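> heads up, no residue letters with this:
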């Protein structure tokens, strides 16, 4: 019996396993993940801000797997493409016939001095919780330290995670001010971004609405401000220095380090794949999610790595594996975006939706749309019980 190894139980990996199991392929399916749980990475900012708990955005992997799927709880060390072997930290190596690599992402520092040591990234449950604990501890410390930098928060980057984190933070800030007896007028929240515009995937009017919403709630935006160094207690941009004892690092992500460690031809731990998502020279191997770089045939640029694209890639990879097993040709990856939703806390946001027309939404309605999107993701990856438990 052939063995299909699926590495990573994020959106892409878990979806692939579900599709393979339902396609009735006569194979051994092995899912590998370093944690016993799947977490909704698109909601980590809520855990970091303290508006949701880890249990709200995660579920047990074993309980959600189809019958017959094996699960290895371990961390991948390396992949030998030539020998078709995956090496782990604890378990014996796994020999595979087919591989789906969906190992996910890591924080990207771009080589900026001090970023790794002094910034708090949001890349998994543990880092999100660590960022939240630091935020709350630092705010609480002000009552004894009287250091106004304890009341300053610098968010590095102005992409999706950064803006959604800011939305949750300003929503929760009145509660934190009351809890710790803080002077609200001394709270400072910086958003520091190298590019001239935040959220470039939205049109200017929608971005202006989102920026204005956050500004009215105390966020200072500093665009066209490249970060040159991150110190303990400040973010430096050439001659500017933003003093803050909480520094959230959300400037971007790269693929898993396992990609470079295994000798793939990569950039930022992402591998350019063929149009059927397989690796050049290895038709038995598919790379999807954050470790893949997929060219958009209409523009020539790479698709952004989003949960929506990862799920679509998983469907294609599973279908192509079934085709290979049955001796059929594989199909090209064809992606049609259904839109983009950016929350600004639980009660506001902006959205550009391409379903039953083209809808541009802003305000409270987007909070409802975001919840539907999140619930649908849990429903498709797990079971209805998981979705109900997360509410």
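Great, that's in hand. These figures come from a predicted structure and were not determined experimentally.
> hey, let's count contacts and neighbours off CA atoms from now on
OK.
> which phi and psi does residue 215 have?
Per-residue torsions, residue 215: phi -60, psi -40 (degrees, to the nearest 10).
> now do the contacts for it.
Residue 215 makes contacts with residue 221, as judged by C-alpha atoms under 8 Å, 6 or more residues apart in numbering.
> can you check the pLDDT for it?
With respect to pLDDT, residue 215 scores 98.
> before we move on, what about the one 3 residues further on?
On the pLDDT scale, residue 218 is placed at 97.
> repeat for residue 2
For residue 2, the predicted pLDDT is 96.
> can you tell me how far it is from residue 294?
Distance of residue 2 to residue 294, computed by C-alpha to C-alpha, to the nearest Å: 27 Å.
> what residues sit buried inside stretch 167-185?
167-171, 173, 176-177, 182 (16 or more other C-alpha atoms under 10 Å).
> what secondary structure does the nearest residue to residue 50 once chain neighbours are set aside sit in?
Counting by C-alpha to C-alpha, 6 or more residues apart in numbering, residue 132 is the residue found nearest to residue 50 once chain neighbours are left out, at 6.4 Å. Counting by DSSP: H, G, I helix; E, B strand; the rest coil, the backbone at residue 132 sits in helix.
> please apply the same query to residue 220.
strand.
> need the contact list for it.
Residue 220 neighbours (C-alpha under 8 Å, 6+ apart): 188-191.
> need the residue closest to the centroid of this protein.
With distances taken as C-alpha atoms, centre = their mean, the residue of the chain nearest its centroid is residue 41 (4.4 Å).
> in this structure that one contacts residue 126, no?
No. Applying C-alpha atoms under 8 Å as the test, residue 41 and residue 126 come out as separate, 11.8 Å apart.
> next one: phi and psi at the nearest residue to residue 95 once chain neighbours are set aside?
Closest residue to residue 95 apart from its sequence neighbours, by C-alpha to C-alpha, 6+ apart: residue 85 at 4.5 Å. Phi and psi for residue 85, reported as degrees, to the nearest 10, are phi -130, psi 140.
> tell me how many other residues surround residue 298.
6 (other C-alpha atoms under 10 Å).
> where does it sit: helix, strand or coil?
Look at residue 298: counting by three-state DSSP, its state is coil.
> and it, how far is that from residue 334?
In terms of C-alpha to C-alpha, residue 298 sits 11 Å off from residue 334.
> go on, residue 216?
41 Å.
> all strands for the stretch 51-200 of the chain, in order.
58-60, 70-73, 76-80, 85-88, 94-95, 98-101, 105-107, 120-121, 152-156, 188-192 (DSSP state E, counting those that start in this stretch).
> partners of the second one in the sheet?
Pointing back at strand 70-73 there. Partner strands and pairing direction for strand 70-73 (DSSP bridges) are strand 28-33 (parallel).
> what mean pLDDT does the strand it pairs with get?
pLDDT averaged over strand 28-33 gives 98.
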